[in-house]
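# Next one to model:
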Amino acid sequence: MNMLMIPNEMFTRYTTYLVKRRVGADRHAEYKKWLRYYLDFCDLSLSSDIDSRRVRLFMEKLEEKGQSKMQRQHAANAISLYFQMLREENSSLKVGNAGDGKLPYARDHLMLDEFEGNPRRSQAAVYREGVSALDSGWPDDVSGASTMIMPVTDAPPAVTSQTQPPPIIIKSSHYSASGYTEKSDSPEWDVLIKTLAAEIKVRHYSRNTLKTYAHWSRQFQRFLKNKPPMELSTVDVKEYLTHLAVKCNVAASTQNQAFNSLLFLYRHALKREFGQLRDVPRAKKSLYIPMVLSREEIDAILKYMSHPYGLAVSLLFGCGLRLFECLQLRVRDFNFNAGILTVHGKGKKDRNVPIPETITAELKAQIMAVGRQHDQDLVEGYAGVFMEDAVEKKYPNAPKEFIHQWFFPQKSLTVLAENGERRRYHMHESELQEALYNAVRRAKIPKRVTAHTFRHSFATHLLQANYDIRIIQTLLGHASLKTTMIYTHCVPVRTVKEPKSPLDFDRDS
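Predicted structure coming up:
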């Protein structure tokens with residue numbers, strides 16, 4: 001028997017209420033699950049009355065199915081929050097109008113007080129904890145704006161402790177996860193960090209850049225104990241960088257990251273000159289030799305990767321892509337007639353790379369799968385995919401056009417918190433990273449492998465095949481040849497002859 005279909009609108013309201021009550025984002029998916037199971041249980045219940053007895057029977061049902069006390073407590077909290085939401089939405093709701101269709105099972109909100117007086121103290125304790133959680137608002141579980149709820153279109157399996165429904169993501173801003181919106185004890189610093197974020201957004205820097213710069217600016221603020229921003233000087237930066245190098249013993253790359261963050265803060269947020277830092281101890285940056293995989297090791301890893309993660313890794317190695325360059329590919333970027341893939345790199349710099357012939361058939365199959373999913377999304381009335389910059393303002397229909405769909409779409413939809421629109425984002429980087437981590441372990445590769453390792457391997461394998469370094473620079477999208485030259489340290493020297501003048505080459509032959 002299929003489970004009761006809960007309207008998306010109700011689930012969106014419930015998610016908004018969880019955010020309002022400051023419930024931790026890591027609990028949203030579970031709370032959605034328990035609420036849906038409870039509402040379905042009420043619909044299938046043989047009892048004709050709608051009262052606290054349904055809640056009691058539902059909790060007993062969970063106990064019979066082996067749900068732990070903690071799981072039953074979370075279920076109680078989820079249901080309690082639901083009834084609290086209904087009370088706030090319709091404070092004038094009477095006991096006798098539960099069947100008017102406006103708010104399903106609305107009368108059950110009266111069960112809280114009745115159920116606490118029930119002789120079954122174990123269940124009553126659970127509900128008291130749930131009501132207590134409502135009053136306290138879980139101040140310790142506050143998290144970012146990105147939350148997860150379960151979709152309402154697919155019927156999940158029976159209630160089990162292993163059940164984990166696919167999520168829908170609530171998203172308020174592309175930069176919301178960067179942490180710059182956090183408040184501190186100094187309103188002046190909060191305004192400064194907000195200005196810093198605005199300067200980064202104007203330059204179209206990534207969310208990770210904003211997160212890093214905001215982090216070091218906050219650390220600088222704590223080191224200075226909320227010293228007013230207008231009183232900052234170069235001496236403050238010197239003292240902080242010295243503290244990082246001498247007291248904290250940070251790596252050279254960490255110190256340079258902090259330096260660049262504060263440099264941007266001074267120049268673009270404070271609008272003042274940074275000054276000279278001559279007496280600051282700076283750790284020397286060591287020569288970094290990238291980790292490189294052999295073709296046998298790459299094949300071994302791909303053997304343990306399922307679709308579409310294996311295809312993504314094949315593109316990372318086959319085209320030398322960065323992680324986000326791969327995840328942000330769209331259908332329009334593939335030109336199979338010319339065998340060219342257009343890559344949108346860092347700094348809004350596009351480049352063309354050849355499409356690997358060995359995976360061309362798999363790439364075309366993936367596009368067909370994206371097309372089928374796109375057709376289904378259009379039938380269900382979704383608002384389209386996320387577009388970069390202001391493209392959607394100029395071309396309102398672009399998000400729904402097939403050529404703009406993500407090549408690696410996210411399995412779930414994203415609901416915009418501000419207007420409730422349902423959109424689709426690309427695969428999250430954590431999914432691919434987790435799949436890669438597990439595959440490397442199963443393949444027993446004795447190396448530290450990340451998604452960027454395949455880009456290093458791409459360049460090194462081309463060098464070993466005697467490709468010109470300038471061609472490799474172009475394929476990688478490096479602005480400076482010096483960056484590409486690092487891969488020469490990964491290729492063993494195979495020269496056995498003494499160096500000679502090229503004028504003598506023909507004479508030897």
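
# Give me the nearest residue to residue 442, chain neighbours excluded.
Spatial nearest neighbour of residue 442, excluding adjacent residues (C-beta to C-beta, 6 or more residues apart in numbering): residue 304 at 4.4 Å. For every residue, glycine as well, the C-beta is placed using N, CA and C.

# quick one: contacts of stretch 331-338?
341-344, 355, 360, 363-364, 367, 370, 402-407 (C-beta atoms under 8 Å, 6 or more residues apart in numbering).

# any chance you could map the helices in the stretch 201-350 of the chain?
207-223, 234-242, 252-264, 295-303, 309-319, 323-327 (DSSP state H, counting those that start in this stretch).

# TSV for these, including distance to residue 89?
Shown next, in TSV, are the helices of the stretch 201-350 of the chain (distance: least, C-beta to C-beta, whole Å):
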stretch	distance to residue 89
helix 207-223	34
helix 234-242	50
helix 252-264	44
helix 295-303	51
helix 309-319	42
helix 323-327	39
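
# Pick the most buried one from the ones you listed.
Comparing the helices of the stretch 201-350 of the chain by mean neighbour count (mean count of other C-beta atoms under 10 Å), helix 309-319 comes out on top with a mean of 22.

# returning to what we had before: okay, the helices of the stretch 201-350 of the chain in CSV with mean pLDDT and distance to residue 448 next?
As requested, the helices of the stretch 201-350 of the chain are exported to CSV (pLDDT from 0 to 100; distance: least, C-beta to C-beta, whole Å):
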stretch, mean pLDDT, distance to residue 448
helix 207-223, 89, 20
helix 234-242, 87, 29
helix 252-264, 88, 16
helix 295-303, 94, 12
helix 309-319, 94, 16
helix 323-327, 92, 15
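
# Can you check which of those helices gets nearest to residue 67?
For the helices of the stretch 201-350 of the chain, distance to residue 67 was read as C-beta to C-beta. The smallest value, 32.2 Å, belongs to helix 309-319.

# Contacts only, for residue 323.
Contact partners of residue 323, counting by C-beta under 8 Å, 6+ apart, are 316, 429, 432, 451, 452.

# Which among those count as buried?
Buried subset of those (neighbour count, 16 or more other C-beta atoms under 10 Å): 316, 432, 451.

# What is the nearest of these to residue 219?
Using C-beta to C-beta, these come closest to residue 219 at residue 451, 27.4 Å.

# from memory the closest one sits against residue 433, does it?
Yes. Between residue 451 and residue 433 a contact is recorded at 6.4 Å, counting by C-beta atoms under 8 Å.

# Residue 470: which element?
Under the criterion of DSSP states H and E, residue 470 resides in helix 469-476.

# Would you point out which residue is most central in the chain?
In the chain, the residue lying closest to the centroid (C-alpha atoms, centre = their mean) is residue 428, at 5.0 Å.

# Could you tell me how far that residue is located from residue 54?
Look at residue 428 and residue 54: by C-beta to C-beta, to the nearest Å, they are 37 Å apart.

# And residue 490, by the same measure?
Using C-beta to C-beta, we find residue 490 at a distance of 66 Å from residue 54.

# what pLDDT, on average, does the longest strand along the chain get?
Looking across the chain with DSSP state E, the single longest strand is strand 409-416. Average pLDDT, strand 409-416: 83.

# what's in contact with the following helix or strand past that strand?
Once strand 409-416 ends, the next helix or strand along the chain (criterion: DSSP H and E) is strand 422-426. With contacts defined as C-beta under 8 Å, 6+ apart, strand 422-426 is touched by 8, 168-169, 171, 327-328, 377, 380-386, 399, 405-410, 413-416.

# ok, strand 422-426: who's next to it in the sheet?
Strands that pair with strand 422-426, judged by DSSP bridges, come out as strand 384-385 (parallel), strand 409-416 (antiparallel).

# right, and out of the contacts of residue 323, which lies closest to residue 208?
residue 429 (10.0 Å).

# so what's the closest one scoring on pLDDT?
At residue 429, the pLDDT value in this model is 89.

# One more: residue 10?
74.

# And the next helix or strand past the strand or helix carrying it?
Assigning secondary structure by DSSP H and E places residue 10 in helix 8-20. Remark: after helix 8-20, the chain's next helix or strand is helix 25-44, criterion DSSP H and E.

# for that next one, packing partners?
helix 8-20, helix 52-64, helix 69-89, strand 147-149 (3 or more C-beta pairs under 8 Å, 6 or more residues apart in numbering; DSSP states H and E).

# what angle sits between that helix and helix 52-64?
Angle of helix 25-44 versus helix 52-64, following axes from the mean of the first three to the mean of the last three C-alpha atoms, to 10 degrees, is 120 degrees.

# export helix 25-44 as CSV, just CAs?
Provided in CSV are the C-alpha atoms of helix 25-44 (Å, rounded to 0.1, in the frame of the first residue of the first chain):
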residue,chain,number,x,y,z
ALA,A,25,19.7,21.5,10.1
ASP,A,26,21.1,18.0,10.6
ARG,A,27,17.7,17.0,12.2
HIS,A,28,15.4,18.4,9.5
ALA,A,29,15.4,15.3,7.3
GLU,A,30,14.7,13.0,10.2
TYR,A,31,11.9,15.3,11.5
LYS,A,32,10.3,15.3,8.1
LYS,A,33,10.4,11.6,8.0
TRP,A,34,8.7,11.1,11.4
LEU,A,35,6.0,13.7,10.6
ARG,A,36,5.2,12.0,7.3
TYR,A,37,5.0,8.6,9.0
TYR,A,38,2.8,10.0,11.7
LEU,A,39,0.3,11.6,9.2
ASP,A,40,0.2,8.4,7.2
PHE,A,41,-0.4,6.4,10.3
CYS,A,42,-3.3,8.7,11.1
ASP,A,43,-4.8,8.3,7.7
LEU,A,44,-4.5,4.5,7.9
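
# So which bits of that helix are buried?
For helix 25-44, by 16+ other C-beta under 10 Å, it's 25, 27-42.

# Same check on stretch 372-387?
For stretch 372-387, burial by neighbour count (16+ other C-beta under 10 Å) applies to 374, 377, 382, 383, 384, 385, 386, 387.

# what does stretch 338-356 give?
By neighbour count with 16+ other C-beta under 10 Å, stretch 338-356 contains the buried residues 341, 343, 344, 345, 351, 353, 355, 356.

# ok, so of these, who is nearest residue 245?
For those, the minimum distance to residue 245 (C-beta to C-beta) is 32.9 Å, reached by residue 345.

# pLDDT score for that closest one?
So, for residue 345, pLDDT stands at 86.

# ok, now which ones touch it?
Contacts for residue 345 (C-beta under 8 Å, 6+ apart) come out as 322, 325, 351, 477.

# How about the contacts made by the residue nearest to residue 442?
The contact partners of residue 304, by C-beta under 8 Å, 6+ apart, come to 438, 439, 442, 443.

# hmm, try it at 7 Å
The neighbourhood of residue 304, defined by C-beta atoms under 7 Å, 6 or more residues apart in numbering, consists of 439, 442, 443.

# Now do it against residue 435, distance only.
Relative to residue 435, residue 304 is positioned 9 Å away (C-beta to C-beta).

# in the longest strand of the chain, what's buried?
Across strand 409-416, burial judged by 16+ other C-beta under 10 Å covers 409, 410, 412, 413, 414, 415, 416.

# which one of those residues is nearest residue 88?
Nearest to residue 88 out of those is residue 415 (C-beta to C-beta; 20.6 Å).

# isn't the closest one right next to residue 11, touching?
No. Judged on C-beta atoms under 7 Å, residue 415 makes no contact with residue 11 at a distance of 8.9 Å.

# Look at residue 358 and report its pLDDT.
92.

# if I look at it, how far off is residue 58?
54 Å.

# More neighbours: the two, which one.
residue 58 (24 against 9; other C-beta atoms under 10 Å).

# Nearest residue to the more buried one in space, please, no chain neighbours.
Distances taken as C-beta to C-beta, 6+ apart put residue 41 closest to residue 58, at 4.9 Å, once the chain neighbours are dropped.
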